[in-house]
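> Provided below are the primary sequence and the corresponding predicted coordinates.
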Amino acid sequence: MYQQNSKVSVTVTSTKSVSIQPRPFITQAFFLMWLDGNMDRTVDRYRNTLVYLQNIANDVYTFTQPDECIDFLTEVDDRKAFLILSDTIGKEILPLIHDIRNLQSIYIFGDHEAQHDDWNNSWNKIKGKYVEIVPIFEALKMSIKQINQND
């Protein structure tokens, strides 16, 4: 099943805690999805990433199974979707999701950047391949800003 996350604080170090103020709820014309078969929600790295994603969008959905992600994406309303996709399962799922109308952009995330040099040429919704998460945040912010300006 998908999980919508609602955590609002993140531990930065073992002695410091940063509290992130929740934004007022505003209906957004988009949502974020993150598919990673190796996602472990108990690991600080994943929890921290989710907190940052929640600062970008009200609705963030995480998946560990490709079928659940595909089902959710095909059954969801007409809002625009942005997907962070693990490079380890990208080749498997891309042919199944690429033509879904409300899927706006795909961001490939993982350690195997050199293995996927041809992805951008084959799939125009792929906005980039990233080995670090911060550049994905920046790319998402720019894509969302562009979507908001066009609506």
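Sure, I can see it.
> quick one: low-confidence ranges for this protein?
Across the chain, residues meeting the criterion (pLDDT under 70) sit at 1-27, 112-121, 151.
> now the strands: where do they sit in it?
3-4, 9-11, 17-19, 30-35, 60-63, 80-86, 103-109, 126-130 (DSSP state E).
> how about those strands, which one is nearest Gln146?
Of all the strands of the chain, strand 103-109 sits nearest to Gln146, with 9.6 Å by Cβ to Cβ. For glycine as for every other residue, the C-beta is placed from the backbone atoms N, C-alpha and C.
> could you tell me the angle between that closest one and strand 80-86?
Angle of strand 103-109 versus strand 80-86, following axes from the mean of the first three to the mean of the last three Cα atoms, to 10 degrees, is 20 degrees.
> longest helix anywhere in this protein?
Counting residues, the longest helix found in the chain (DSSP state H) is helix 134-150.
> can you list the buried residues in that one?
Within helix 134-150, the residues scored as buried using 16 or more other Cβ atoms under 10 Å are Ile136, Phe137, Ala139, Leu140, Ser143, Ile144, Ile147.
> nearest spatial neighbour of the fifth one, skipping sequence neighbours?
Nearest in space to Ser143, with sequence neighbours left out and distances taken as Cβ to Cβ, 6 or more residues apart in numbering, is Ser105 at 5.4 Å.
> before we move on, back to that, and the strands of the chain as a markdown table, adding distance to Tyr52 and mean neighbour count?
Output for those, formatted as a markdown table (distance: least, Cβ to Cβ, whole Å; neighbours: other Cβ atoms under 10 Å):
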| stretch | distance to Tyr52 | mean neighbour count |
| --- | --- | --- |
| strand 3-4 | 16 | 12 |
| strand 9-11 | 8 | 14 |
| strand 17-19 | 11 | 10 |
| strand 30-35 | 11 | 23 |
| strand 60-63 | 10 | 23 |
| strand 80-86 | 11 | 22 |
| strand 103-109 | 13 | 22 |
| strand 126-130 | 14 | 18 |
